[in-house]
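# sequence plus the predicted model coming up.
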Amino acid sequence: MYREKQDYYQALLQMTEGHDLKDPFGKVPISVYNQMCDWVENNIGKVNTKKVGRQIGKTAFEGMVNYKLITDKPTPRQVMDALAVVADQMIQDPKKRGWKIMAATEKSILMRRTQTFNSSLQFGLLETLIYKSGAISPSVEYAKSVAAGDAYDEYLITWK
């Protein structure tokens, strides 16, 4: 994503020193992931962090389909259920933090993020996952925010 900006690329590479990024199943501590996301957000801007989230959303959707967690034409609810499963399986957290569906209607889902993921990145991730489900005009906004003093970030996802 930042190959054309070597000064950015080098800073991000330094953060991953000692980790094998060529192994798609290799583990990288969440602290490194968050450090990289925070660096992108603080040095390049929140818009770029959201772009990273969109790319992760595309990759996650493809993985969910390939591993048969969802069909290639799932409902938004099926995608969010799969996101919670993927987070539970892929994130090695003794506290079992990840994603939880708090409420759902025909045109909305309220998701709680209990893991320490970068908050801004999640907008791109969630928006892309819902869009890939075929939902029209997906939108994501905070229902609750850690930055505003809430215990968790909660994202209200809506579509037409």
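The structure has been received and is ready for your questions. Numbering: from 1, shown residues only.
# for this protein, which spans come out with low pLDDT?
Where the chain drops to pLDDT under 70, the residues are 1-8, 90-96.
# what are the boundaries of the helices in it?
For the chain, the helices defined by DSSP state H occupy 6-15, 30-43, 46-66, 76-90, 119-132.
# pick the most buried one from those helices.
Of all the helices of the chain, helix 119-132 carries the top mean neighbour count, a mean of 23, counting by mean count of other C-beta atoms under 10 Å. Bear in mind the C-beta positions are built from the backbone N, C-alpha and C, glycine included.
# what helices or strands is that helix leaning on?
Judged by 3 or more C-beta pairs under 8 Å, 6 or more residues apart in numbering; DSSP states H and E, helix 119-132 is in contact with helix 30-43, helix 46-66, helix 76-90, strand 108-113, strand 139-144, strand 153-158.
# out of the ones you listed, nearest to residue 9?
helix 30-43 (11.3 Å; C-beta to C-beta).
# what helices or strands is that closest one leaning on?
Judged by 3+ C-beta pairs under 8 Å, 6+ apart, helix 30-43 is in contact with helix 6-15, helix 46-66, helix 119-132.
# is the closest residue to residue 103 other than its chain neighbours in a bridge, and if so with what?
Nearest residue to residue 103, sequence neighbours excluded (C-beta to C-beta, 6 or more residues apart in numbering): residue 110, at 4.3 Å. Counting by DSSP bridges, residue 110 is bridged to residue 103, residue 156.
# distance of residue 110 from residue 102?
4 Å (C-beta to C-beta, to the nearest Å).
# overlap in contacts, those two.
Common neighbours of residue 110 and residue 102, using C-beta atoms under 8 Å, 6 or more residues apart in numbering, are residue 154.
# between those two, which one's more packed in?
Taking other C-beta atoms under 10 Å, residue 110 and residue 102 do not tie; residue 110 has more neighbours (18 against 14).
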